[in-house]
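Visitor: got a sequence here, can you build the structure:
(chains A, B, C and D)
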2 protein chains.
Amino acid sequence: MVSNQVGSKVYIEIVKQLRKMIEQDGLKPGDKIPSERELSERLAVGRSSVREALRALELLGLIETRRGEGTFIRDFRSNQLVQLLSTFILQDDKARKDVVETKYLIEMDCLRLIIDRNNDEKLSLLKSWVEQQAFSDDEFFLKIVDLADNHLFYRIWNILSDYYQSLKLPTVEIEKIEYSKLVEALMTNEEEIVRRQYAQLRKLSNG
Amino acid sequence: MVSNQVGSKVYIEIVKQLRKMIEQDGLKPGDKIPSERELSERLAVGRSSVREALRALELLGLIETRRGEGTFIRDFRSNQLVQLLSTFILQDDKARKDVVETKYLIEMDCLRLIIDRNNDEKLSLLKSWVEQQAFSDDEFFLKIVDLADNHLFYRIWNILSDYYQSLKLPTVEIEKIEYSKLVEALMTNEEEIVRRQYAQLRKLSNG
DNA sequence: GTAAAGAAGTGGTCTGACCACTAGATAGGT
DNA sequence: ACCTATCTAGTGGTCAGACCACTTCTTTAC
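Guide: Predicted coordinates for the structure are as follows:
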C-alpha cells in the first residue's frame, strides 16, 4: 500500500499516509487513530516501521499514546516543538548568557502586545489579583504573557523562564507596589510609561 | 544504563542520553554518532528502541542517516520539519498570526539591541553592503539578527523565519531605500527613529 | 445486583533474521 | 610499484514473532 517511492524510507511514507488519513477522515484532536497492528496490516508494512513513524510524531507532540488504550491525535496548540528544539539548541554556553536579555525583551514585547490588545476588563482583573494575592515574579509574568495572547511568545517565555531559573541568579527582591504600578501603567495604554515602569521593576538602567 | 525512570518510555530516555552524549563529547554538525547496534549495547536497550529515538530525531531534522555509513549530527537550521509541521499545525489562523507578530517583534528587539551595542563600525559595513548588494528581506534581517549578537534571538528568529516562509503569504515588495533608511536610523542611536522606520518598512500602522 | 475473575485489545520492548549499501582491505593483473 | 577488481566487515532498513504491562469489556461467581 505504501507507495514505496524509490529512496524513500517506509516510516516517512507512513507519516504521509497518516497525514492523508487524518485529512480525509476529518480526524480532530482527541480522536483515535487505528492501532499499530492494524496500520501495519492496512499499509502492508512491519509494525516496527509503524512505530518509528508514530514515535516520531509523538516526539513532535502531534499524537499521544496511552498504553492499553490506543493512539490519539493531540491538540496541536500544546505541541512541544519549541520545547524540544530548545533543549537541543540552547545547550551551548554562549547562548545561556543571553537568556536574561531575551527574557526581558520578550516580557516587554508582551507588555506592548497587551497595550495593543487594549483589554481593559482583563487588566482590571489583573489589578485586583495583584492587590489581593501573594505571588512570585514568574507567576506575575506568566499572567502577563498569557494576556499578550500569543502562543509562540507564551511557549518561548516558558522555556526562557526555565532556563532563567537554572541560572540561579541572586534573588532580587521586588516590591509588590512595582507590579501594581506596572499594571496601572498598562491601563494608560502609553507604551513609554509602561516601558519606564518595567525598567524600574527590573532595575534596568535604560528606560 | 538508561535510567528507566518510572513511566518513562525507553526511546525518550535514549533521546536524553543522546543529548547528553552530544553535549559531553562536544559533537558538532557533521560529526558521527555511534551506530545503532553500539548504542543498543551501550545503553542496554533493544535496537528497535534506539531506532525509534533516532527516527524521531531524524524527522525533526536534528540528525541525518546514511545507509551503509552511519548517523550524523545535522545543521539545525534545516527546515524539513517546518514543512511537516506547517501542514499539521499552522492551519488555524491564530497560529499564523502569531508567527507574523512574533517575527516582527523579535526583529524590532534585535534592532533595539543593536542600538545598545552601539557598534558604529559594523553598521558602516552593513550600510555599504545594503548599498552595493542585491538581497532578500530574509538576508537583510539575518544580518540584523546577527548584529544583535544574541544567540537566542538568532536561533528563534531562524525558526520563525522558516515558519514564516511556509505560510506563503503574498509577497510584499520593499524598496531598497527602506533598508538603507533603516540602517541610517540605527546610526542615529535613537530608538524612536528606528522604530518609525521599521514600521514603515514593514508597512505597519503603529509607529 | 454486585464484585471478582477472565478475555481481548493495545502499546512497549526485545530478539533475531535478512536485505541494501558503503568503505576499506585484499588479491590480482599489468 | 601501481592500478583495478573483488571481497568483507560494518551500517542502516525492514520485517516477523514473541513477551510484557496495561486498559477495557465481558463473563462468572457470590
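
Visitor: per the record, what domains does chain A have?
Guide: For chain A, automatic domain parsing gives the domain ranges A:9-81, A:92-201.

Visitor: reformat the ones you listed as a markdown table; add mean neighbour count.
Guide: Where C-beta positions appear, they are placed from N, C-alpha and C, glycine not excepted. Shown next, in a markdown table, are these (neighbours: other CB atoms under 10 Å in any protein chain shown):
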| stretch | mean neighbour count |
| --- | --- |
| domain A:9-81 | 17 |
| domain A:92-201 | 16 |
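
Visitor: comparing these by mean pLDDT, which bottoms out?
Guide: Here the lowest mean pLDDT among those goes to domain A:9-81, at a mean of 83.

Visitor: which residues touch A:Trp157?
Guide: A:103, A:106-107, A:110, A:141-142, A:145 (CB atoms under 8 Å, 6 or more residues apart in numbering or on different chains).

Visitor: and if we set it to 10 Å?
Guide: Going by CB atoms under 10 Å, 6 or more residues apart in numbering or on different chains, A:Trp157 touches A:102-103, A:106-107, A:109-110, A:138, A:141-142, A:144-146, A:148, A:150, A:164.

Visitor: I figured A:Lys9 was touching A:Glu52, is that so?
Guide: Yes. Using CB atoms under 10 Å, A:Lys9 makes contact with A:Glu52 at a distance of 8.5 Å.

Visitor: okay, and the common contacts of those two?
Guide: A:15, B:55, B:58.

Visitor: over to A:Glu64. Which of the three states is it?
Guide: strand (DSSP: H, G, I helix; E, B strand; the rest coil).

Visitor: distance of it from B:Ile14?
Guide: Distance, A:Glu64 to B:Ile14, using CB to CB, to the nearest Å: 19 Å.

Visitor: and the contacts of A:Trp157, which of them are in strands?
Guide: Assigned to strands by DSSP state E, none of those qualify.

Visitor: near chain B, which of the residues you listed show up?
Guide: Within the set of the contacts of A:Trp157, contact with chain B (CB under 10 Å from any CB of the partner chain) is found for A:102-103, A:106, A:109-110, A:148, A:150.

Visitor: now, which of those residues sits nearest B:Leu125?
Guide: Checking the ones next to chain B among the contacts of A:Trp157 against B:Leu125 with CB to CB, the nearest one is A:Thr102 at 24.9 Å.

Visitor: tell me the helices and strands packed up against the host helix or strand of A:Glu41.
Guide: Using DSSP states H and E, A:Glu41 falls within helix A:36-42. In terms of contacts (3 or more CB pairs under 10 Å, 6 or more residues apart in numbering or on different chains; DSSP states H and E), helix A:36-42 is packed against helix A:10-25, helix A:47-59, strand A:70-73.

Visitor: contacts made by it with the rest, please.
Guide: A:1-2, A:14, A:17-18, A:21, A:33-35, A:45-51, A:53-54, A:65, A:70-71.

Visitor: reformat the domains of chain A as TSV; add distance to DNA strand D.
Guide: TSV is the format used below for these (distance: least, CB to the nearest atom of the strand, whole Å):
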stretch	distance to DNA strand D
domain A:9-81	3
domain A:92-201	24
